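> fold the following and give me the result.
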Amino acid sequence: MSLPDFSLKEKVAIITGSSKGIGREIALVFAEAGADVVVCSRGLDGSLEEVAEEIRQLGRHPLVVAADIRNKADVGKLVQRTVDEFGVIDILVNNAGLLFIAPFVEHGEEDWDRVMDTNLKGLYLCSQTVGRKMIEQKHGNIINMASIRGIAASQERAAYCASKAGVIMLTRVMALEFARFNIRVNAIAPGWIKTKINEPLWSDPDIRQQIEAEVPLGHLAEPRDIAATALFLASEAARYITGETIAVDGGFLA
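I've put the predicted structure just below:
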């Protein structure tokens, strides 16, 4: 094993939901490792352009695309623009996701559909469309963002838990079907991560103390902890790993 095994030099990666949080950090870590990166979100906001500029400063080539992953036509345009620009798609990171919190009996149908369409249908559309290109290439690597809440239930997160459990099973099915084409598929299941979406919780000292008491390592993860795991799975260092879900949770599920 050597450092070149962790290199993504001359690779092309699409990362959904990459304007902030975990997706942003994965985009930057991949660029540090040598990849050209396609960053996308539903809209072309300033934060997405900021990520692209940071990628340029790392000496890599970014492509910025606005795409709603819940929409098949948008996903098709995302993939086509990537192929037109780079000619190949080596890595897909299905990171875009949505969290909805409410008691199960208060989950409205629209709330349920929004979560499922983003967390599961969007992943299906992206993986299927990119997967066809990877089959033509006879190589590829897909990394899905699951959650420990797809393994361990949590109150008031019915749609989220169900969607992430679906991500884990879909990862296994895709890994089985794609293996003969030299395409690996794995998932990451983060625990408590210090991101903007969780800020109302970890910024409250009392709530943060309760959260950290549940984590054997005693602290929340940073987005870069997830990005480092994604880099491992995307690299040749993980070339014999497929169909797995790696929990990055500080020992929460132990």
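
> top strand in this structure by residue count?
With secondary structure taken from DSSP state E, the chain has its longest strand at strand 183-190.

> what about residue 64, is that helix, strand or coil?
Using DSSP: H, G, I helix; E, B strand; the rest coil, the structure places residue 64 in strand.

> quickly list what it is bridged to.
Beta-bridge pairing for residue 64 (DSSP bridges): residue 39.

> let the chain start at 19 from now.
Sure thing, new numbering starts at 19, so read that last one as residue 82.

> and it, how many neighbours does it have?
Residues contacting residue 82 under the criterion other CB atoms under 10 Å number 19. No exception for glycine: its C-beta is placed from N, CA and C like everyone else's.

> quick one, what contacts it?
56-58, 62, 66-67, 70 (CB atoms under 8 Å, 6 or more residues apart in numbering).

> same deal with residue 250?
24, 256.

> after the longest strand of the chain, which helix or strand is next? Please name it.
helix 217-220 (DSSP states H and E).

> mind checking pLDDT for residue 222?
With respect to pLDDT, residue 222 has a value of 88.

> for the protein, what are the low-confidence residue spans?
19-21 (pLDDT under 70).

> in the protein, what residue sits furthest out from the centroid?
Computed with CA atoms, centre = their mean, the residue of the chain farthest from its C-alpha average is residue 224, at 29.6 Å.

> isn't residue 81 right up against residue 103?
Yes - in this structure, residue 81 is within contact of residue 103 by CB atoms under 8 Å, at 5.2 Å.

> need the residues touching each of the two.
By CB under 8 Å, 6+ apart, the residues touching both residue 81 and residue 103 are residue 56.

> residues contacting residue 151?
Applying CB under 8 Å, 6+ apart, the residues near residue 151 are 97, 101, 107, 158.

> wait, a strand at it?
No - using three-state DSSP, the assignment for residue 151 is helix, not a strand.

> more crowded one of residue 81 and residue 103?
Applying other CB under 10 Å to residue 81 and residue 103 shows that residue 81 carries more neighbours, namely 19 against 14.

> ok, and the closest non-adjacent residue to the more buried one?
Nearest non-adjacent residue to residue 81, counting by CB to CB, 6 or more residues apart in numbering: residue 56, 4.5 Å away.

> again, but for residue 192
Nearest residue to residue 192 in three dimensions, chain neighbours excluded: residue 203, at 4.3 Å (CB to CB, 6+ apart).

> hang on, residue 177 packs against residue 121?
No - with contact defined as CB under 8 Å, residue 177 does not count as touching residue 121 (11.6 Å).

> comparing these two, which residue is more hemmed in?
More crowded of residue 177 and residue 121, by other CB under 10 Å: residue 177, with 23 against 9.

> what helix or strand is the more buried one located in?
Going by DSSP H and E, residue 177 is part of helix 176-196.

> just residue 32 next, same as before
Counting by DSSP H and E, residue 32 is part of strand 30-34.

> packing partners for that strand?
helix 39-50, strand 54-59, helix 90-104, strand 109-112, helix 140-155 (3 or more CB pairs under 8 Å, 6 or more residues apart in numbering; DSSP states H and E).

> before we move on, back to that, and the buried ones among the contacts of residue 82, selectable in ChimeraX?
To isolate the buried members of these in ChimeraX, using 16 or more other CB atoms under 10 Å:
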select :56,57,58,66,70
